[in-house]
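Chemist: Prediction below, plus the sequence it came from.
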Amino acid sequence: RVMMCPCYIPPQTELLRCPMEDVSGFNLSYFSRFCPEEAESIYLKRMRHTPYAEPCPAFTFDFHADDGACKEEELLSFDIRSSGVVNAIVFWHEMELDEQETLSSGPESESQQAVFMLSEEVKVEEGKRLVLRAGRSSTELHVETVDSPVHKNHIQPSRQVVQRWHFGMLNDRERNEAYYRALRRKVTPGGLVLDVGSGTALLGMMAARCGAGRVV
């Protein structure tokens, strides 16, 4: 007989704002309008972000009872501790192995977290409560607002053309600064730079700022 330990895992959630305004000196705020409605595994500690509420539990994974086909929906209620605008929710696990040992994949750990970018930015006010509706299956996670004041509508999912992993990369300060340092060493004034698979064109813009005469 095999015993799973831990038997239960209550995921934790937290409301965030993950700004896209300034990326290595470039204003890429327009990309925030293309945030995809799906979770992406991200090292949150590498991203600029601002939490707006205390963490709260969501769902409960029961490894003894769950057959892998389980679907679940739950209302998440957040007590707002500071006013502002939120655009993301992060999920992680706190796994209690016994009375002394707990394994955490939280934002301060070396693990990745599941960051879900909301389809719309939402105004929050200190002392008020924000309610989100979250659903999960064995393969998917979705989150939506419930009667919340919308700050700015994003482009609808049918019009999204930016792949979800770009948002994690754009907000990864360590990654971006490493590329920037490499480009400053290698790009020659007036030189030609070929950007293969340019994606959001961040590296191409870096090369141009480093003095490249032409970026293709």
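Modeler: Good, I have the coordinates. Small disclaimer: the values here were computed from a predicted structure and weren't measured.

Chemist: Residue 206: what's it in contact with?
Modeler: By CB atoms under 8 Å, 6 or more residues apart in numbering, the contact set of residue 206 is 24, 179-180, 183. Using the backbone N, CA and C atoms, a C-beta is placed for each residue, glycine as well.

Chemist: let's go with 6 Å and repeat that
Modeler: Contacts of residue 206 were listed using CB atoms under 6 Å, 6 or more residues apart in numbering, and they are 180, 183.

Chemist: Quick check: beta-bridge partners of the residue positioned nearest the centre of the chain?
Modeler: The C-alpha lying nearest the average C-alpha coordinate of the chain belongs to residue 115 (CA atoms, centre = their mean; 3.2 Å). Beta-bridge pairing of residue 115 under DSSP bridges involves residue 40, residue 90.

Chemist: what's the pLDDT at it?
Modeler: Reading off the confidence values, residue 115 has pLDDT 84.

Chemist: correct me, but it touches residue 42?
Modeler: Yes: under the criterion of CB atoms under 6 Å, residue 115 makes contact with residue 42 at 4.6 Å.

Chemist: Check the burial of residue 202 by counting its neighbours.
Modeler: Neighbour count for residue 202, taken as other CB atoms under 10 Å: 21.

Chemist: Next, the closest residue to residue 204 other than its chain neighbours: phi, psi?
Modeler: The shortest distance from residue 204 to any non-neighbouring residue, by CB to CB, 6 or more residues apart in numbering, is to residue 195 (4.2 Å). Dihedral pair for residue 195: phi -100, psi 100, per degrees, to the nearest 10.

Chemist: Residue 195 reaches residue 201, doesn't it?
Modeler: No: between residue 195 and residue 201 there is no contact under CB under 6 Å: 7.2 Å.

Chemist: higher neighbour count, these two?
Modeler: Using other CB under 10 Å, the more surrounded residue of residue 195 and residue 201 is residue 195, with 17 against 14.

Chemist: In contact with the more buried one: list those residues for me.
Modeler: By CB under 6 Å, 6+ apart, the neighbours of residue 195 are 203-204, 215.

Chemist: go on, residue 78?
Modeler: Here residue 78 is in contact with 15, 53, 130 (CB under 6 Å, 6+ apart).

Chemist: pLDDT score for the second one?
Modeler: This means residue 53. Listed pLDDT for residue 53 reads 91.

Chemist: Run through the bridge partners of the closest residue to it other than its chain neighbours.
Modeler: Nearest residue to residue 53 in three dimensions, chain neighbours excluded: residue 78, at 3.8 Å (CB to CB, 6+ apart). For residue 78, the beta-bridge partners are residue 130 (DSSP bridges).

Chemist: Over to residue 16?
Modeler: Legend: beta-bridge partners of residue 16 under DSSP bridges are residue 51, residue 88.

Chemist: how far is the longest helix along the chain from where the chain is centred?
Modeler: Of all the segments of type helix in the chain, defined by DSSP state H, the longest one is helix 173-186. Using CA atoms, centre = their mean, to the nearest Å, the distance from the centre of helix 173-186 to the centre of the chain it belongs to is 22 Å.

Chemist: who touches the next helix or strand after that helix?
Modeler: For helix 173-186, the following helix or strand on the C-terminal side (DSSP states H and E) is strand 192-193. By CB under 6 Å, 6+ apart, the residues outside strand 192-193 that reach it are 207, 212, 214-215.
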